[in-house]
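1. based on what follows, work out the 3D shape:
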Amino acid sequence: MNLNNHIKILLALGLVAVLHQGCKNGNSSNADESSLTSIFTPNKFDVDALQARLKDKLDTNIAISTILFFGKPDSNVKTYQQFYASNNYTSVWIHQKGLSSITKQFLQVLDSLQYDALNPEKYYYTNLKQRAISILNEKNMDSIMQFELDMTNSFFTASKDLALGSNRLVKMHKDWKIKNDSLFNESALLKKCVDGISITAAFESIRPNHPWYKKFKDEYCKLLNNIQPDSVLTITDLRDSVSIGFNSPSVAILRKKIHREVGLPLDTISTMWAEDLLEAVRRFQFKNQIKPTGKLDTVTLTALKTKTVDKLKKIAINMERFRWMRHEFKQPFIWVNVPKMELDYYDKDSVEFNMRVVVGKISRKTPTLDAKIENIVFSPPWNVPETIMREEVVPGISRRGGSYLSRRGLRATDSRGRPVNPSVINSSNYRRFNISQAPGYRSSLGEVKFNMPNPWAIYLHDTPHREDFVKHYRAYSSGCIRVHKPKEFAEFLIQDPSLYSYNKIDSICKMRRTISYPMKREIAVHIVYLTNGIDSNGNIMYLKDVYGWDKNMY
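-> As a prediction, this is how the structure comes out:
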């Protein structure tokens, strides 16, 4: 499939906007701005007649079905009625001398939404731009009024999509628990613009403010500006066993491709496999979440053949996911990106602590959620959650009886805490019993647990399976987040070395006595699912769609 066909498909999906040359901080090109300027020639409009027509059209007593936008009904007509009533039915986009200044601003902002991976044509950009030219000579008051209403409809729809997401009505996977808590009001936003705030500033105020979003937007813009037909990567004579000093025309092809991907200083003419190319291949592998061996294995070759439009699609999806989240991330906060399988502690937009984590396996996906650290528990006991009881423990008891529990250091009690014979527990009565595990280095929670109350009983904790942290793929847990450096992280969060230094924490854990430290600072935890990430140098990474959620959105 050629590039043009790919773009047509993306346009149809609404995932990629109309492609323009020039992306300067998300603004339209100078040529486009010049063409817009030419349509704002002063003219004479009877704004009193327009005001009367708007009042008559938007009277709250009339049938809603008679009000159309771009020839179609809108179920939120009351929003328009209330806005214009509060504005005394004064037109927003048309003034006595012609089109208002914010009309030009809005058309430029509408065009620039392509760099947020929103398609301006969904909001009738070309239609409105053409009508803005012809409206200057329009004599029919109904046509003038319809232009006014259509501009407002476009503003309301575009601003809402930017603030809340354009696919917000699409049912996501049941494990997407994050909600955008924004009290967004499109009427209030437009009123601010009428009162003097620029439309550019208004739209900037409703974009996600997480530092990753701007990075994603910059990468999206860069790809749009450099989009070109993807050449076939003909390097059939290169294998993962190729060694330093190997010479082939294929090496020069690979050098050019790798240089475009990672941007390292690299000789793109040489036909020799050398150390500089080996390092560049490792950098490419890291960027694409592949074990950085420097070898051209099957996974690496597949990643090298990824098309630009597929990268655009991935970034577009993740920018959309950002719009589904809250927009204000109060710092400091803990950020766990499930596909990246890492935890970052952010403060003042800087990562102050980073470590590897183990996330939920495919059969026990870690949900996205927002929570707060309530306390840190040293030597925590483990009460087996209902899901694990039902899916693992009860079947284990039915197979092996009491030995299943004893081999795992588990004990069964009734509702009063009295020991019971495991053989009485089955699939019909297991909710009446409690299965628990005493604290210890080899317990399922390890030696430290970070409690963050939420309806899904997800928390951060140590693990006896510490060997998993050296692995590249780390989706092995039953849903909770296993952390690589629990004691170091506890010391970092508490920030009281006189009482809770690393050595002190280690001593507390060795006592095997459960101690809970209540957090004195407010620290939010955001568990997210983004298949793009940012590395420690601020570069975009392309991550594995570990749960297949990208595929669902396509």
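2. strands paired with the longest strand seen in the chain, and their directions?
-> Taking DSSP state E as the criterion, the chain has its longest strand at strand 350-360. Sheet pairing for strand 350-360, assigned by DSSP bridges, gives strand 342-347 (antiparallel), strand 475-477 (parallel), strand 481-483 (antiparallel).
3. nearest to residue 72, of those?
-> Residue 72 lies closest to strand 342-347 among the strands paired with strand 350-360, at 42.9 Å (Cβ to Cβ). (Each C-beta comes from the backbone N, C-alpha and C, glycine too.)
4. average pLDDT across that closest one?
-> Across strand 342-347, pLDDT averages out at 97.
5. dump the residue contacts of the residue nearest to residue 542 when sequence neighbours are not counted.
-> Distances taken as Cβ to Cβ, 6 or more residues apart in numbering put residue 288 closest to residue 542, at 5.0 Å, once the chain neighbours are dropped. Contacts for residue 288 (Cβ atoms under 8 Å, 6 or more residues apart in numbering) come out as 300, 303, 306, 541, 542.
6. of the residues you listed, which belong to strands?
-> Going by DSSP E, the strands hold 541, 542 from the contacts of residue 288.
7. in PyMOL, select just the buried ones from the contacts of residue 288.
-> For the buried members of the contacts of residue 288, the matching PyMOL selection, counting by 16 or more other Cβ atoms under 10 Å, is:
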select buried, resi 300+303+541+542
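8. quick check: which of the contacts of residue 288 has the minimum pLDDT.
-> residue 306 (90).
9. ok, back up a step: quickly compare the strands paired with strand 350-360 and say which is most buried.
-> Among those, strand 481-483 has the highest mean neighbour count (mean count of other Cβ atoms under 10 Å), at a mean of 25.
10. report the distance from that one to the chain centre.
-> Offset of strand 481-483 from its chain centre (Cα atoms, centre = their mean, to the nearest Å): 20 Å.
11. same deal with stretch 133-150?
-> Counting by Cα atoms, centre = their mean, stretch 133-150 comes out at 40 Å from the chain centroid.
12. stretch 333-346 too?
-> 12 Å.
13. using CSV, list the CA coordinates for that stretch.
-> Only the C-alpha atoms of stretch 333-346 are listed here, as CSV (Å, rounded to 0.1, in the frame of the first residue of the first chain):
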residue,chain,number,x,y,z
PHE,A,333,3.5,12.4,41.7
ILE,A,334,4.4,8.8,40.9
TRP,A,335,4.0,7.8,37.2
VAL,A,336,3.8,4.1,36.3
ASN,A,337,3.5,3.5,32.5
VAL,A,338,2.5,-0.1,32.1
PRO,A,339,4.0,-0.8,28.7
LYS,A,340,7.3,0.9,29.7
MET,A,341,7.3,-1.2,32.8
GLU,A,342,9.0,1.5,34.8
LEU,A,343,8.1,3.9,37.7
ASP,A,344,9.1,7.6,37.7
TYR,A,345,8.7,10.0,40.5
TYR,A,346,8.2,13.5,39.1
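14. pull out the buried positions in stretch 302-317.
-> Buried, per 16+ other Cβ under 10 Å, within stretch 302-317: 303, 304, 308, 309, 311, 312, 313, 314, 315, 316, 317.
15. now render the residues you listed as a markdown table, adding secondary structure and distance to residue 431.
-> Formatted as a markdown table, the buried residues of stretch 302-317 follow (DSSP: H, G, I helix; E, B strand; the rest coil; distance: Cβ to Cβ, whole Å):
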| residue | secondary structure | distance to residue 431 |
| --- | --- | --- |
| 303 | helix | 46 |
| 304 | helix | 52 |
| 308 | helix | 53 |
| 309 | helix | 50 |
| 311 | helix | 48 |
| 312 | helix | 49 |
| 313 | helix | 44 |
| 314 | helix | 42 |
| 315 | helix | 45 |
| 316 | helix | 44 |
| 317 | helix | 39 |
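16. so can I have CSV of these showing distance to residue 494?
-> Below are the buried residues of stretch 302-317 laid out as CSV (distance: Cβ to Cβ, whole Å):
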residue, distance to residue 494
303, 41
304, 45
308, 46
309, 48
311, 41
312, 43
313, 43
314, 38
315, 37
316, 40
317, 38
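17. which one of those residues is nearest residue 124?
-> For the buried residues of stretch 302-317, with residue 124 as the reference and Cβ to Cβ as the criterion, the closest is residue 316, at 20.2 Å.
18. out of the strands paired with strand 350-360, which comes closest to residue 448?
-> Ranking the strands paired with strand 350-360 by proximity to residue 448 (Cβ to Cβ) places strand 481-483 first, at 8.1 Å.
19. give me the contact list for the closest one.
-> Contacts of strand 481-483 (Cβ under 8 Å, 6+ apart): 336, 343, 355, 357-359, 366, 446, 450, 458-463, 465, 468, 476, 489, 527.
20. that'll do, ta.
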